[in-house]
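J.: Sharing a model prediction with you, sequence too.
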Amino acid sequence: MRILFLSPKPPYPPVDGSSLATWQMAEGLARRGHEVQVFHLNTPKHVFPEGTVVPHGILFTSARADTSFSPAGLIGALRPGRPPYLVSRFSPPAALHRLEELLEEHSFDIIQFEGLMMVPYLPVVRRHQPQALPVFRPHNAEHRIWRTLADHTPSPLRRLVYRLQAAQLLRYEREISGHFPLIIPISGEDAAFFRVWAPRARLITIPYGVPVQAGPPLGERRRDLLFLGALDWRPNVQGLRWFLRRVWPLLVAGEPACVLRIAGRAAAPTLVRELQTAANNSGGTIEFLGRIDDPTPFLWSGSLFVAPLLAGSGIRIKILEAMAHGLPVITTTVGASGLPVQPGQHLLLTDTPEEMAGTIRSILHSPQQMEKIRKNALSFVREHFNPEKLLDQLEQAYQQA
């Protein structure tokens, strides 16, 4: 099959959860002999490095899009009938024209829209290649992210803006769902939402595939807590700040030798200063590593992965990666949503600062319990997130749609 992926950022080299999700699928299909191309946006935050050689002969076509935040653009997008600002800033006329040129040069059987931001390109696809099957792959139900961000935002003005954005995104997701004959959500929870609004579409849940790399046993690792995630994604930043302000002081009060190591790209200077302040004021040790190119050595270096998420949708890929690297995980109900896990068996689940701090202190002194969770998590990933089995399901969905 000839398959074109439409992505709001370069999926290769993968630098975060969404690019990993897109790249894994594109790379797997190309490895299986399909002709794969990628149309992606180059934004101020995500630029495809010049001279990069993409494996498997996958062709990349890029278009510029200035997605920088604009207060005027946000206010203008709040008018009735306008697409949400989160969506509209990803489809400038020049990018739409670049896709038109690509579609005039090449013919495709499948055109897959990676996330809500690429949906405005659907009219261009229909006009130039009506024979191609348009596939919508929502990485999240975006309105849920902004709704939960609003619930945990102290600023009244931001809370209002986030709620308006969430309402707009909900309307938009409802409207566009019926335009795709095949929808491939990443989580069962998101699938249930889209199923309501697209009853005629074929809908199949295909999560992110994770190869198991169990690594050294916990007894050979440092007792450090680890946090890994893109630090320009609002839910990650919000959750990390909550952990630093509410959980960390309680934790180090009873565990003064505790070490927290944080890795993630694109941290704002204000966040870096906050990390330094938290380390100076509360005791314990906080190490900020910034961006890391290979997560495997980092995930093999600690004993507990911390994912204190308060907002989100879809599936948190970093949680799965930690589990696949033999690292027990502690997270929130939001962080575990979309994963068919049993709390206490596959990971640890807490929602209040007191519970999280107490559970971390307890588990660090319970090596047998940590090893039990580690083994259960590895089995869980092997059973539910085998990359090759998920590719089998994807190919079958394409053929049956």
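T.: Good, I have the coordinates.

J.: from here on, contacts and neighbour counts on C-alpha atoms
T.: Fine.

J.: What about Ile262? Give its phi and psi, please.
T.: phi -120, psi 130 (degrees, to the nearest 10).

J.: what sits against Arg159?
T.: By Cα atoms under 8 Å, 6 or more residues apart in numbering, the residues touching Arg159 are Leu149, Ala150, Asp151, Thr153.

J.: thought Leu250 was touching Met356?
T.: No: using Cα atoms under 8 Å, Leu250 makes no contact with Met356, being 9.2 Å away.

J.: of those two, who's got more company?
T.: Just comparing Leu250 and Met356: by other Cα atoms under 10 Å the higher neighbour count belongs to Met356, 25 against 20.

J.: leaving aside the residues next to it on the chain, what's closest to that one?
T.: Thr350 (5.4 Å; Cα to Cα, 6 or more residues apart in numbering).

J.: Could you report the neighbour count for that neighbour?
T.: Quick note: Thr350 (other Cα under 10 Å) scores 20 neighbours.

J.: Any figure for the gap between it and Thr331?
T.: 6 Å (Cα to Cα, to the nearest Å).

J.: Show the buried residues in the contacts of Arg159.
T.: Buried members of the contacts of Arg159, counted by 16 or more other Cα atoms under 10 Å: Leu149, Ala150.

J.: And Phe60, how close does it get to Val329?
T.: 36 Å.

J.: Mind checking which of the two has more residues around it?
T.: More crowded of Phe60 and Val329, by other Cα under 10 Å: Val329, with 25 against 18.

J.: what residues are up against the more buried one?
T.: By Cα under 8 Å, 6+ apart, the contact set of Val329 is Leu304, Phe305, Val306, Ala307, Ile319, Ala322, Met323, Leu347, Leu348.

J.: now it: how far from Met25?
T.: 25 Å.

J.: can you check Ile206 too?
T.: Look at Ile206 and Met25: by Cα to Cα, they are 10 Å apart.

J.: These two: who's more crowded?
T.: Each of Ile206 and Met25 has its neighbours counted (other Cα under 10 Å); Ile206 has more, 22 against 18.

J.: thought the more buried one was touching Asp190?
T.: No: taking Cα under 8 Å as the definition, Ile206 is not a contact partner of Asp190, at 11.1 Å.

J.: ok, which stretches of the stretch 1-150 of the chain are helices?
T.: According to DSSP state H, counting those that start in this stretch, the stretch 1-150 of the chain carries its helices in the segments 17-31, 71-77, 85-88, 93-105, 122-128, 142-151.

J.: residues in contact with the first one?
T.: Residues from elsewhere that reach helix 17-31 (Cα under 8 Å, 6+ apart): 5, 7, 9-12, 14, 36, 55-56, 58, 114, 139, 208-209, 316-318, 391.

J.: let's see it at 6 Å
T.: Pro11, Pro14, Val36, Tyr208, Ile317 (Cα atoms under 6 Å, 6 or more residues apart in numbering).

J.: Only the buried residues of it, if you could.
T.: Those would be 17-30, for helix 17-31 by 16+ other Cα under 10 Å.

J.: which one among those gets closest to Ser366?
T.: Gly17 (30.7 Å; Cα to Cα).

J.: quick one: that closest one and His106, what's the gap?
T.: 29 Å.

J.: and Thr352, how many residues sit next to it?
T.: 14.

J.: Restricting to C-alpha, output the strand ranked longest in the chain in PDB.
T.: Longest strand in the chain by number of residues (criterion: DSSP state E): strand 35-42. Provided in PDB are the C-alpha atoms of strand 35-42 (Å, rounded to 0.1, in the frame of the first residue of the first chain):
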ATOM      1  CA  GLU A  35       5.500   2.700   0.400                       C
ATOM      2  CA  VAL A  36       5.400   5.300   3.200                       C
ATOM      3  CA  GLN A  37       5.700   9.100   3.000                       C
ATOM      4  CA  VAL A  38       5.400  11.700   5.700                       C
ATOM      5  CA  PHE A  39       4.100  15.300   5.300                       C
ATOM      6  CA  HIS A  40       5.000  17.200   8.400                       C
ATOM      7  CA  LEU A  41       5.200  20.800   9.700                       C
ATOM      8  CA  ASN A  42       8.300  22.600  10.700                       C
END
